[in-house]
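Undergrad: need a structure here:
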Amino acid sequence: MKISRVLFKEYTKRSLRAVQLAEKEITIQAPWGKLRGLSWGKDGDPPVFLCHGRMDACSGFRPLLELLPRCFYYVSVDLPGNGRSDHFPRGIQLSTIDFVPTVKVVKEHFKWDKFMYVGHSLGALMGKFFNLAYPGHITRIVELDPVPAHICYKQDVEGVRQWYHNHYHNYYEQYEKLNGGGEAPKYTYEKALEMLMGARDLDKVAAEHVLERVTSPAGDGLYRFTHDQRQKTFTVMPFSGDAYRAIYTSTSTPTFCVLCQNAIDFGLYDQTSFVMDPACWPNGNYSVKIVKGGHDIHISHPEHIAEEISQFLLKGVNAKV
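TA: Residues are numbered from 1 along each chain as shown. Purely as a prediction, here's the structure:
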């Protein structure tokens, strides 16, 4: 189903004017603790699961959702150790794979057989691995600057050594600090907001969407960030660029990828250049858009990507426009 640009703009305008997505707080029991998050829209409409990145929160999707079609049921949770969700048990080093069961827990909670998936950063990597482990459930994938999915290591002794030291050696060198040793710093709300704006290049309104879920009161009008500190060193897979190409491009799931120019300029996709070339995907089901800006484009400038994402989600869906 191809929607013209004129029709899309009129549809978006009417949707925003006529229908506001109802936002609800949700809680889901996982084996390790509680997942807390948000839903938008009507349960029963086609489901779309949105998965945020490292040290983030589900509320960061609000600016993008304001511009997406109202005919879907959107769900997002704070990943374990993020926002208001419980942390994983203390002690062990975390890997990207440890977060993948979160998708399965959400799927089973809502009894979804099929659903669409939007992932940012680490969330994009989680979607890739869930789709590999449990094929046939995700019908469409949107990837928003999936940088962690493309961190590469050489497939030789030196590459394995580097991978181990970067992720495991460094973790155990900082074990006490990363596992709650000492009291987390306290900040005024204004200082915490300033730090988040600076770290992620967000304006005040965008940063406040995230800040509301990633801090907790610490007394005397001060706040602490609630992130699980182990996420600063979590482990990626020790794959080469060629290995990633062989695995990722074999997918049969239609995929739309948004790449941010800043990440490209920084060289973060140099070893996985196939991500910028749909011709490298033999099933002909991959499209990509490169946008100016930084890693959090879906929060800072969602208007630059909302139309293409909406077109992609609506395609093949029997939705009234």
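Undergrad: low-confidence stretches in the stretch 51-200 of the chain?
TA: Across the stretch 51-200 of the chain, the stretches falling below the confidence threshold (pLDDT under 70) are 181-182.
Undergrad: what ranges does it have for its strands?
TA: Here the stretch 51-200 of the chain has its strands, by DSSP state E, counting those that start in this stretch, at 73-77, 115-120, 138-144, 187-188.
Undergrad: just send those back as CSV, with mean neighbour count too.
TA: To be clear about C-beta, it is placed using only N, CA and C from the backbone, and glycine gets the same treatment. What follows is the strands of the stretch 51-200 of the chain, written out as CSV (neighbours: other CB atoms under 10 Å):
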stretch, mean neighbour count
strand 73-77, 25
strand 115-120, 25
strand 138-144, 24
strand 187-188, 14
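Undergrad: quick one: closest of these to His301.
TA: strand 138-144 (11.9 Å; CB to CB).
Undergrad: just put the strands of the stretch 51-200 of the chain in JSON lines and tack on distance to Thr251.
TA: Formatted as JSON lines, the entries for those read as follows, by distance: least, CB to CB, whole Å:
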{"stretch": "strand 73-77", "distance to Thr251": "22"}
{"stretch": "strand 115-120", "distance to Thr251": "12"}
{"stretch": "strand 138-144", "distance to Thr251": "8"}
{"stretch": "strand 187-188", "distance to Thr251": "42"}
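Undergrad: ok, the residue of the chain most remote from its centre to Tyr189 distance?
TA: With CA atoms, centre = their mean as the measure, the chain has its most outlying C-alpha, relative to the mean C-alpha position, at Asp220: 33.4 Å. Taking CB to CB, to the nearest Å as the measure, Asp220 falls 12 Å from Tyr189.
Undergrad: contacts only, for the closest residue to the residue farthest from the centre of the chain other than its chain neighbours.
TA: If the residues on either side of it in the chain are set aside, Asp220 comes closest to Lys186, at 7.8 Å by CB to CB, 6 or more residues apart in numbering. Taking CB atoms under 8 Å, 6 or more residues apart in numbering as the criterion, Lys186 is in contact with Ala218, Gly219, Asp220, Leu222, Tyr223, Arg224.
Undergrad: 7 Å - rerun?
TA: Taking CB atoms under 7 Å, 6 or more residues apart in numbering as the contact definition, Lys186 lies against Ala218, Leu222, Tyr223, Arg224.
Undergrad: ok, Gly44 next?
TA: With contact taken as CB under 7 Å, 6+ apart, Gly44 is in contact with Tyr73.
Undergrad: secondary structure element holding the nearest residue to Leu132 once chain neighbours are set aside?
TA: With sequence-adjacent residues excluded and distances taken as CB to CB, 6+ apart, Leu132 is closest to Ile247, at 7.2 Å. Element membership for Ile247, per DSSP states H and E: helix 241-248.
Undergrad: correct me if wrong: Trp313 contacts Phe115.
TA: Just so we're on the same page, residue 313 is Leu rather than Trp. No - under the criterion of CB atoms under 7 Å, Leu313 makes no contact with Phe115, lying 11.2 Å away.
Undergrad: need the residues touching each of the two.
TA: With CB under 7 Å, 6+ apart, Leu313 and Phe115 have common neighbours Val48.
Undergrad: considering the contacts of Lys186, which possesses the most neighbours?
TA: With neighbours defined as other CB atoms under 10 Å, the most crowded of those is Tyr223; it has 21 neighbours.
Undergrad: torsion angles phi and psi at the spatially closest residue to that residue that is not a sequence neighbour?
TA: Using CB to CB, 6+ apart and skipping residues adjacent in sequence, the residue nearest Tyr223 is Thr215, 4.2 Å away. Dihedral angles of Thr215 (phi, psi; degrees, to the nearest 10) stand at phi -130, psi 160.
Undergrad: from Asn285, how far off is Thr215?
TA: Following CB to CB, the distance that separates Thr215 from Asn285 is 40 Å.
Undergrad: and these two? which has more neighbours close in?
TA: Using other CB under 10 Å as the criterion, Thr215 and Asn285 rank with Thr215 on top: 21 against 16.
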